[in-house]
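Trainee: got a sequence here, can you model it:
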Amino acid sequence: MYTKKNGFANADFDPKTVITIPNIVTMIRLLILPFVIVALHKGHNVQAFILILVAGFTDVLDGFLAKILHQATTIGKILDPIVDKIFILSILIYLYIYRSFPVWGFYLIIALELSILIGGYWLIMKHHKIPSSNIPGKIAVIIVSLATYLYVIDLEFINNFFIIGINVKILTVLIGVILLGIATVRYGMISKKEILKNNRKKED
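Mentor: Alright, predicted model coming up:
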């Protein structure tokens, strides 16, 4: 099971915890994803937006169920952010190709998200630790998601709305990228601190 201490969890895998109600809810997001892409491709922006909101609800629901059902597992702790990244990055790829999502924003978000994934994988494999999400990371996800929603819904007044001379959609992407960068750096710092602490314990 998943045990948390000082923002980290021990990566102790139990095959019996793979099929749990929270994990099933998490996987529903992947089932929703192709319907979102099809809706976007057909120009059904409102339908795509509603489906994304439903997917977002499952993201909240799986964590809630994990707590009340006492089914918070290591596998679930890893699966949830991976599914989240697959979901949002798949939509970003579509928006980049077909909806003029900013090139710089697209590549920076991809690079930062991959950095977090690779860093997390390395921590799990080498140090058997899973860092918990931090506040800057959660805020960054919200802003990046908001930027994505603005390109999904693609309303005319949003396209023509400017703040300090910058299109509001571009500004939202910029803020999201900055916050995601901060979250990535903080993720690396707390991971390094935890690794050094564990190494000192081993030496003692």
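Trainee: need the three-state assignment for Q71.
Mentor: Recorded secondary structure, Q71: coil (DSSP: H, G, I helix; E, B strand; the rest coil).
Trainee: tally of neighbours for it?
Mentor: Other residues lying near Q71 total 17 when counted by other Cβ atoms under 10 Å. Placement of C-beta: from N, CA and C, glycine included.
Trainee: was I right about it contacting L65?
Mentor: Yes: here Q71 reaches L65: they are 6.9 Å apart, a contact under Cβ atoms under 8 Å.
Trainee: in the protein, which helix or strand is least confident?
Mentor: Evaluated with mean pLDDT, DSSP states H and E, the helix-and-strand set of the chain has its lowest mean pLDDT in strand 4-5, which scores a mean of 44.
Trainee: the helix or strand T184 falls within: how far from the chain's middle?
Mentor: When elements are assigned from DSSP states H and E, T184 belongs to helix 168-203. Between the centre of helix 168-203 and the centre of its host chain there is 14 Å, according to Cα atoms, centre = their mean, to the nearest Å.
Trainee: helices or strands next to it in the packing?
Mentor: helix 103-122, strand 129-131, helix 135-153, helix 156-159 (3 or more Cβ pairs under 8 Å, 6 or more residues apart in numbering; DSSP states H and E).
Trainee: I'd say A183 and V144 touch.
Mentor: No: using Cβ under 8 Å as the test, A183 is too far from V144 to be in contact (10.1 Å).
Trainee: what is in contact with those two at once?
Mentor: Counting by Cβ atoms under 8 Å, 6 or more residues apart in numbering, A183 and V144 have no shared contacts at all.
Trainee: which neighbours do Q71 and L65 share?
Mentor: Counting by Cβ under 8 Å, 6+ apart, the shared contacts of Q71 and L65 are 21-22.
Trainee: picking that back up, quick one: which of the helices and strands packed on helix 168-203 is nearest L174?
Mentor: With distances scored as Cβ to Cβ, the stretch of these nearest to L174 is helix 103-122 (7.3 Å).
Trainee: which parts of that closest one are buried?
Mentor: Within helix 103-122, the residues scored as buried using 16 or more other Cβ atoms under 10 Å are 105-106, 108-109, 112-113, 115-116, 119-120.
Trainee: and that helix, what does it pack against?
Mentor: Using 3+ Cβ pairs under 8 Å, 6+ apart, helix 103-122 sits against helix 74-98, helix 168-203.
Trainee: between those helices, which gets the lowest average pLDDT?
Mentor: Lowest mean pLDDT within these: helix 168-203, a mean of 81.
Trainee: now that helix: buried residues?
Mentor: So for helix 168-203, counting by 16+ other Cβ under 10 Å, buried means 168-177, 179-184, 187, 190-191, 194.
Trainee: returning to what we had before: nearest to I91, of the helices and strands packed on helix 168-203?
Mentor: Once these are compared by Cβ to Cβ, helix 135-153 is nearest, at 5.9 Å.
Trainee: chain center to the closest one: distance?
Mentor: 9 Å.
Trainee: got the buried residues for that helix?
Mentor: Buried positions in helix 135-153, judged by neighbour count with 16+ other Cβ under 10 Å: 136-137, 139-141, 143-145, 147-152.
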